[in-house]
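Turn this into a structure:
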Amino acid sequence: MRPSNADDSGACGYRAVQIIERNLIRERTAAGLAAAKARGRVGGRPAKMTPKKIKQAKVMRDNGMTQVEIAEILDVGRTTLYRHLK
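Below is the predicted model:
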C-alpha cells in the first residue's frame, strides 16, 4: 500500500518507497507477534532438554555414566547436554 503522492520516478524516490514498505512490513509483523503472544503462543524452537531430562541426566552423571553415553540415551547432542549440566 504505497502513498499515492510518492514520487518514485527516480532512484531516490524508489528507495523512499522501499523504506516505507519495509516499515509497514515491520509494523504488521510486530502486530502479528503481539497478537500471537496475547493468544498464548510462544515463538522459537521447542526445547530439547526438558526439566525431567535434565534431572535424569544429573542422576546418570552422579552414577558414573559419561556425558557421551547420557547424550545418546536421552537423544540429545553432546553440546546440548554440556550446556544444561554446567
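
For residue 65, grab the count of nearby residues.
Residues within reach of residue 65, counting by other Cβ atoms under 10 Å, total 15. C-beta here means a position set from N, CA and C on the backbone, and glycine is covered the same way.

does it count as helix, strand or coil?
Three-state assignment for residue 65 (DSSP: H, G, I helix; E, B strand; the rest coil): coil.

per-residue confidence for it?
If you check residue 65, the pLDDT there is 95.

Also residue 4?
61.

Give me the next element, helix or strand, following whichever strand or helix holds residue 35.
Using DSSP states H and E, the element containing residue 35 is helix 11-38. The first helix or strand that comes after helix 11-38 along the chain, using DSSP H and E, is helix 51-62.

could you point out which element follows that following helix?
With secondary structure assigned by DSSP H and E, helix 51-62 is succeeded by helix 67-74.

who does that next one touch, helix- and strand-wise?
helix 51-62, helix 78-84 (3 or more Cβ pairs under 8 Å, 6 or more residues apart in numbering; DSSP states H and E).

CA atoms only: put that helix into CSV for me.
Taking C-alpha atoms only, helix 67-74 is exported to CSV below (Å, rounded to 0.1, in the frame of the first residue of the first chain):
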residue,chain,number,x,y,z
GLN,A,67,28.3,-37.5,29.2
VAL,A,68,28.6,-39.1,25.8
GLU,A,69,26.6,-42.1,27.0
ILE,A,70,24.0,-39.9,28.6
ALA,A,71,23.6,-37.8,25.5
GLU,A,72,23.0,-40.9,23.4
ILE,A,73,20.4,-42.3,25.9
LEU,A,74,18.5,-39.0,26.1
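
Buried residues in it, which are they?
70, 71, 74 (16 or more other Cβ atoms under 10 Å).

Any stretches of this protein with poor pLDDT?
For the chain, residues meeting the criterion pLDDT under 70 lie at 1-9.

now with 80?
Applying pLDDT under 80 to the chain flags the ranges 1-12.

How many neighbouring residues does residue 24 have?
Residue 24: 12 neighbours (other Cβ under 10 Å).

wait, I meant residue 54
15.

same deal with residue 28?
10.

try residue 48
With other Cβ under 10 Å as criterion, residue 48 counts 13.
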